[in-house]
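Undergrad: Let me see the structure of the following:
(one chain, ligands or ions: 2)
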Amino acid sequence: MSTAGHFIRCLAAVAWEAGKPLVMEEVEVAPPQKHEVRIKVHFTSLCHTDVCFWEAKGQTPLFPRIFGHEAGGVVESVGEGVTDLQSGDHVLTIFTGECGNCRHCHSEESNMCDLLRINTERGGMIHDGESRFSSNGKSIHHFLGTSTFSEFTVVHSGQVAKINPEAPLDKVCIVSCGLSTGLGATLNVAKPKRGQSVAIFGLGAVGLAAAEGARISGAGRIIGVDLNPNRFEEAKKFGVTDFVNPREHDKPVQQVIIEMTDGGVDRSVECTGSVQVMIQAFECVHEGWGVAVLVGVPRQDDAFRTHPMNFLNERTLKGSFFGNYKPKTDIPGVVEKYMNKELDLDKFITHTVPFSKINEAFDYMSKGECIRCIIDMGA
Ligand code: NAD
Ligand code: ZN
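TA: Ligands and ions are numbered 1, 2, ... in the order given. The predicted structure follows:
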């Protein structure tokens, strides 16, 4: 019997309180409304953003809530007005969207959709502000419009990328967020030329994805900068050739890198969120042609301070949101890069847990033990 048009009862991992383990329970998922699709989630993965909002330190707490945004699944049914997706399509959910109609979506240069740009405060769907989830009659908030820690979820169709049905969802689910953010920052924004040197600041999932972009570009030298020496062993698998631990030097990191590279790196990508590191990443690129790209999310009161001469000497500073990929238009192409073996995803996946043990994924992430932990919804 088709479930389209009906409520679906299924299991979800509900966060009832900040920092408290998620509770596995039965929830009701309403049918998709206008411009929405309901998706059966097959695999989801845990990202730092989920952990940050679950801890709710520095953010407005919004509970109960179903977290999760990196996921691969299959469309179960579609709501009114959805013409580009149908039941059975293989899809990735994306935390930021592409409405297709706004100035940003019409511009070839932007992925910052006016309608569906990331919104961490919203707990309901755009169409009516309501939630599609409830538990014993109590409404549960959405997260990033995706809420993938549920066997079924409802997502705006502008936040759904239709991908090759042959792509293994247990691998390509990580393309949803962190992987594409780092990869695109290098491939789409820093754009290193073959043989050039690239410095990557911060070797978490995003930084390692930026390193993967440098490897794909044929960079000659990839310098990884991190305070955590444990990151260096892992990073070798990602083609990182040199390591700098700022703690082991008494001069500024930019000076260390300038000396290592005879004047500075050709490109740098900052993936830490520290404003001091952003300044280092800019000041270590070579004058004349160096390009630095900021990816990390700074604190609210941070200010970037550098001497204007650094710009006059023809260094370029750029920033990137979601790797400058348009979610619906470009993400299927990232999956194709994996399918034709240009992009390696397997090395990012360090752990897998069944859905029933989702709290273990939070432990791995909090302890800094994993790059990506896949949560298998069917296990
Ligand atoms: P992560 O915490 O896993 O990795 C950050 C790494 O930076 C860690 O290994 C840490 O040891 C290192 N680090 C911290 N301070 C440092 C310093 N002073 N010098 C050198 N290394 C330092 O984080 P992640 O998941 O890889 O995300 C990285 C950043 O990207 C975060 O700020 C995140 O919010 C941001 N992000 C941005 C976008 C975007 O679209 N721009 C999207 C997703 C995530
Ligand atoms: Zn738009």
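
Undergrad: quick one: residue 156 from residue 127, how far?
TA: 8 Å (CB to CB, to the nearest Å). Using the backbone N, CA and C atoms, a C-beta is placed for each residue, glycine as well.

Undergrad: Near ligand 1, which residues of the stretch 201-350 of the chain are found?
TA: Residues of the stretch 201-350 of the chain lying close to ligand 1 by CB under 6 Å from any ligand atom are 201-207, 225-228, 231, 246, 271-274, 277, 295-297, 320-322.

Undergrad: Please see if stretch 30-44 touches ligand 2.
TA: No - remark: stretch 30-44 sits outside contact range of ligand 2, by CB under 5 Å from the ion, the gap being at least 12.3 Å.

Undergrad: Dump that stretch to PDB, keeping only the CA atoms.
TA: In PDB, the C-alpha atoms belonging to stretch 30-44 read as follows (Å, rounded to 0.1, in the frame of the first residue of the first chain):
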ATOM      1  CA  ALA A  30       3.200  14.400   8.100                       C
ATOM      2  CA  PRO A  31       2.800  14.200   4.300                       C
ATOM      3  CA  PRO A  32       4.900  16.700   2.300                       C
ATOM      4  CA  GLN A  33       3.100  20.100   1.700                       C
ATOM      5  CA  LYS A  34       3.600  22.500  -1.200                       C
ATOM      6  CA  HIS A  35       7.100  22.300  -2.700                       C
ATOM      7  CA  GLU A  36       8.200  19.700  -0.200                       C
ATOM      8  CA  VAL A  37       9.300  16.000  -0.500                       C
ATOM      9  CA  ARG A  38       9.200  13.200   2.000                       C
ATOM     10  CA  ILE A  39      12.400  11.100   2.000                       C
ATOM     11  CA  LYS A  40      13.200   7.700   3.400                       C
ATOM     12  CA  VAL A  41      16.700   8.300   4.900                       C
ATOM     13  CA  HIS A  42      19.100   5.400   4.200                       C
ATOM     14  CA  PHE A  43      22.400   6.800   5.500                       C
ATOM     15  CA  THR A  44      23.200  10.000   7.400                       C
END
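
Undergrad: Tell me how far it lies from the chain's centre.
TA: Distance of stretch 30-44 from the chain centroid (CA atoms, centre = their mean, to the nearest Å) equals 20 Å.

Undergrad: what do you get for stretch 245-253?
TA: How far stretch 245-253 lies from its chain's middle: 29 Å, per CA atoms, centre = their mean.

Undergrad: so how far does it reach from one end to the other?
TA: One end of stretch 245-253 to the other measures 9 Å (CA to CA, to the nearest Å).

Undergrad: cool, stretch 310-326 as well?
TA: Note: stretch 310-326 ends 31 Å apart using CA to CA.

Undergrad: show me where the stretch 1-150 of the chain has helices.
TA: Assigned by DSSP state H, counting those that start in this stretch, the stretch 1-150 of the chain shows helices spanning 48-55, 103-106.

Undergrad: Residue 156 and residue 127: who's more crowded?
TA: Neighbour count, other CB atoms under 10 Å: between residue 156 and residue 127, residue 156 has more, with 25 against 17.

Undergrad: ok so, going back, identify the contacts common to residue 156 and residue 127.
TA: Counting by CB atoms under 8 Å, 6 or more residues apart in numbering, the contacts common to residue 156 and residue 127 are 35, 36.

Undergrad: buried subset of the residues of the stretch 201-350 of the chain next to ligand 1?
TA: Among these, those classed as buried by 16 or more other CB atoms under 10 Å are 201-207, 225-226, 231, 246, 271-274, 277, 295-296, 320-322.

Undergrad: List the buried residues for the helix or strand hosting residue 231?
TA: If you go by DSSP states H and E, residue 231 is part of helix 230-236. Of all the residues in helix 230-236, those buried under the rule 16+ other CB under 10 Å are 231, 232, 234, 235.

Undergrad: pretty sure residue 73 contacts residue 88?
TA: No - using CB atoms under 8 Å, residue 73 is not in contact with residue 88; the gap is 11.3 Å.

Undergrad: residue boundaries of the helices in the stretch 251-379 of the chain?
TA: Using DSSP H, counting those that start in this stretch, the helices of the stretch 251-379 of the chain run over 253-260, 275-283, 309-312, 327-339, 358-366.

Undergrad: hey, which of these is tucked in deepest?
TA: Highest mean neighbour count of the helices of the stretch 251-379 of the chain: helix 275-283, a mean of 22 (counted as mean count of other CB atoms under 10 Å).
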